[in-house]
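Colleague: got a structure for you, letters missing:
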Ligand SMILES: *[C@@H]1O[C@H](CO)[C@@H](O)[C@H](O)[C@H]1NC(C)=O
């Protein structure tokens, strides 16, 4: 059971491509001639909503999912750009995994009752000259925590606690699928949103 579920976590979660050293969450600079699709996740131990997932095309919001509504709600102008029902189901499953990872990190640090935040950014960029970039990384309490290196491919821990997450995320060969997701699926999604925006 865990294998297929972890795989689903990656395939559904990942919407990115990665080039280390770039600032992934920033929109492309004017004149750079690139489109970008960026997703942001946030899991927090206290307060509500405890989980959110948002997507951005060229820095502008596409939809927002949160643990209160359990629904991926499109922004005005994006109503028919995707199957929001399916996106809601994906994000609901991701919410479960994300909160479990947060709890495990908190347990590692022996503070299961404090306020802690595990948040991530993943996405890709497609430039007019055909060049692509991608990335996927997570912070814990505003410190770099783990980052995907798609050339290896491998998850690179940024602090000792991240090894427990790395082990899980590499347990069933998901790194290969993650890489493929970053290099292909994210770019396909980006084109889908781009073409929708052109036509609507
Ligand atoms: C996590 O959230 C902080 C505060 O909003 C932000 O500065 C940081 O870039 C986020 N980290 C990731 C990996 O998304």
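Modeller: Alright, I've got the coordinates. On a predicted model such as this, the values are computed, not experimentally measured, just so you know.

Colleague: middle-most residue in this structure, spatially?
Modeller: Nearest to the geometric centre of the chain sits residue 122, at 4.1 Å (Cα atoms, centre = their mean).

Colleague: who does that residue form a beta bridge with?
Modeller: Judged by DSSP bridges, the bridge partners of residue 122 are residue 39, residue 136.

Colleague: right, and it touches residue 133 too?
Modeller: No - Residue 122 lies out of contact with residue 133 (Cβ atoms under 8 Å); the separation is 11.7 Å. All C-beta spots, glycine's among them, are computed from the backbone N, C-alpha and C.

Colleague: about what we covered before: for the residue nearest to the centre of the chain, give its distance to the ligand.
Modeller: Distance of residue 122 to the ligand, given as Cβ to the nearest ligand atom, to the nearest Å: 9 Å.

Colleague: could you check how far that residue is from residue 140?
Modeller: Separation of residue 122 from residue 140 (Cβ to Cβ, to the nearest Å): 16 Å.

Colleague: and for residue 102?
Modeller: For residue 102 relative to residue 140 (Cβ to Cβ), the value is 8 Å.

Colleague: pLDDT weak spots in the chain?
Modeller: Along the chain, segments meeting pLDDT under 70 span 1-32.

Colleague: hmm, the longest helix along it touching the ligand?
Modeller: Using DSSP state H, we find that the single longest helix of the chain is helix 84-108. No - contact of helix 84-108 with the ligand is not found when judged by Cβ under 6 Å from any ligand atom; the minimum separation is 12.5 Å.

Colleague: what packs against that helix?
Modeller: Packing partners of helix 84-108 (3 or more Cβ pairs under 8 Å, 6 or more residues apart in numbering; DSSP states H and E): helix 2-13, strand 34-44, strand 51-57, strand 60-66, strand 72-74, strand 117-127, helix 162-170.

Colleague: what residues does residue 139 make contact with?
Modeller: By Cβ atoms under 8 Å, 6 or more residues apart in numbering, the contact set of residue 139 is 117, 118, 119, 120, 145.

Colleague: so who does the second one touch?
Modeller: Residues counted as contacts of residue 118 (Cβ under 8 Å, 6+ apart) are 42, 43, 44, 98, 101, 102, 105, 138, 139, 140, 145.

Colleague: beta-bridge partners for the second one, please?
Modeller: Right, residue 43. Beta-bridge partners for residue 43, by DSSP bridges, are residue 51, residue 118.

Colleague: does it touch residue 51 like I think?
Modeller: Yes - using Cβ under 8 Å, residue 43 is in contact with residue 51, at 5.4 Å.

Colleague: joint contacts of those two?
Modeller: When contacts are counted by Cβ under 8 Å, 6+ apart, residue 43 and residue 51 are jointly contacted by 95, 98, 99.

Colleague: adding neighbour count and distance to residue 129 as columns, could you present the residues you listed in JSON lines?
Modeller: Rendered in JSON lines, the data for the shared contacts of residue 43 and residue 51 read as follows (neighbours: other Cβ atoms under 10 Å; distance: Cβ to Cβ, whole Å):
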{"residue": "95", "neighbour count": "21", "distance to residue 129": "37"}
{"residue": "98", "neighbour count": "25", "distance to residue 129": "35"}
{"residue": "99", "neighbour count": "17", "distance to residue 129": "40"}
